[in-house]
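1. predicted model and sequence below, questions to follow.
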Amino acid sequence: MNGAKRGATGLLAGRVVAVTGAGQGIGRGIAEACARHGAAVALLERDADAAWAARAAIEGAGGRTFVAVLDVRDRALLERALVAADAALGGTDVLVNNVGGTFAADFVATRERGWDALIDLNLRTVLHGTQLVVPLLQARGGGSIINVVSIEGIRAAPGFAVYAACKAAVVGFTRTMALELAPANIRVNALAPDICLTDGIRAMTPPELLERHRWIVPLGRAAEPDDVAGPAVFLASDLARYVTGTVLHVDGGTQAAGGWYRDPDGDGWIVGPPPARGT
């Protein structure tokens, strides 16, 4: 059990946190961690079964939730969900813009319809969520917006050009919003994970690829959702009351590595991936 699960506190007591894509993966990890630290959580999720499962887990542990089953790409539905959650839970203090997704394809082979789908999912949802939540945060005297981006918004991502462009755009948006919203005491930050073994990814990943994380990631393993959730709790809390406009890398050191890898055959480091075994 990692530190995020061990360290339940009242750090977010009295806070209300809304999380998009809260039914699974990183979003569910963040929702559950915020609840463990005392927050009431609005679960905004497209998959009804996932949403109710997350609610059962949180409320079974004594937490308080509000569930809205919707596609957050629909601005009108998102607005209604945020307003309803605000009324049901007594306010809104934090929004986690977590929804996102991608597919692998060479850019020149991708049709514009594919670009639009990625822009809607990874960028437009953040624009809508941020704009819609600001009045709710202002009514509470301020708050925190946390945008879940990706290391792919910082480094090159062959095969994921539009996704990377969207995440890079959210990084720039995060910094600008940090300034625009500072007078309203609203902090805006981003989390940039790398490899994260959600249940879905773990189920699809062969054991030999899981083994590669020992030398791909400086800390020697891929992330789990709780590894991202802990920093989210920090950014939502008063511990981060003077932190805004920051991109926090939650990647086990891969961004810092810049092409250096742990040597799978020794204790040192090598530049570039090691050769395949047997060569």
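-> Right, received. Where do you want to start?
2. following element in sequence after the host helix or strand of Leu235, please.
-> Applying DSSP states H and E as the criterion places Leu235 in helix 225-236. Sequence order places strand 247-250 as the next helix or strand after helix 225-236, per DSSP H and E.
3. contact partners of the next helix or strand after that following strand?
-> Downstream of strand 247-250, the first helix or strand assigned by DSSP H and E is helix 254-257. Residues outside helix 254-257 that contact it (Cβ atoms under 8 Å, 6 or more residues apart in numbering) are Ile151, Ile154, Arg155, Ala192, Asp194, Ile195, Ile216, Val217, Pro218, His249. For every residue, glycine as well, the C-beta is placed using N, CA and C.
4. narrow those residues to those in strands?
-> Ala192, His249 (DSSP state E).
5. for PyMOL, what selects the buried ones among the contacts of helix 254-257?
-> To isolate the buried members of the contacts of helix 254-257 in PyMOL, using 16 or more other Cβ atoms under 10 Å:
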select buried, resi 151+154+192+194+195+216+217+218+249
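6. could you export the contacts of helix 254-257 as JSON lines, including distance to Trp52 and pLDDT?
-> What follows is the contacts of helix 254-257, written out as JSON lines (distance: Cβ to Cβ, whole Å; pLDDT from 0 to 100):
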{"residue": "Ile151", "distance to Trp52": "32", "pLDDT": "93"}
{"residue": "Ile154", "distance to Trp52": "35", "pLDDT": "94"}
{"residue": "Arg155", "distance to Trp52": "37", "pLDDT": "92"}
{"residue": "Ala192", "distance to Trp52": "30", "pLDDT": "97"}
{"residue": "Asp194", "distance to Trp52": "30", "pLDDT": "93"}
{"residue": "Ile195", "distance to Trp52": "29", "pLDDT": "88"}
{"residue": "Ile216", "distance to Trp52": "36", "pLDDT": "88"}
{"residue": "Val217", "distance to Trp52": "34", "pLDDT": "91"}
{"residue": "Pro218", "distance to Trp52": "38", "pLDDT": "91"}
{"residue": "His249", "distance to Trp52": "33", "pLDDT": "97"}
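7. looking at the contacts of helix 254-257, which is nearest Ala81?
-> Nearest to Ala81 out of the contacts of helix 254-257 is Ala192 (Cβ to Cβ; 26.0 Å).
8. looking at it, the closest one is touching His249, isn't it?
-> Yes: between Ala192 and His249 there is a contact under Cβ atoms under 8 Å: 5.0 Å.
9. so for those two, which residues contact both of them?
-> By Cβ under 8 Å, 6+ apart, the residues touching both Ala192 and His249 are Ile151, Ile154, Gln255.
10. wait, doesn't the first one sit right on His249?
-> Yes: contact criterion Cβ under 8 Å: Ile151 and His249 qualify, at 6.9 Å.
11. so where do the helices sit in the stretch 51-200 of the chain?
-> Counting by DSSP state H, counting those that start in this stretch, the segments of the stretch 51-200 of the chain that form helices are 75-89, 112-119, 125-138, 161-180, 199-204.
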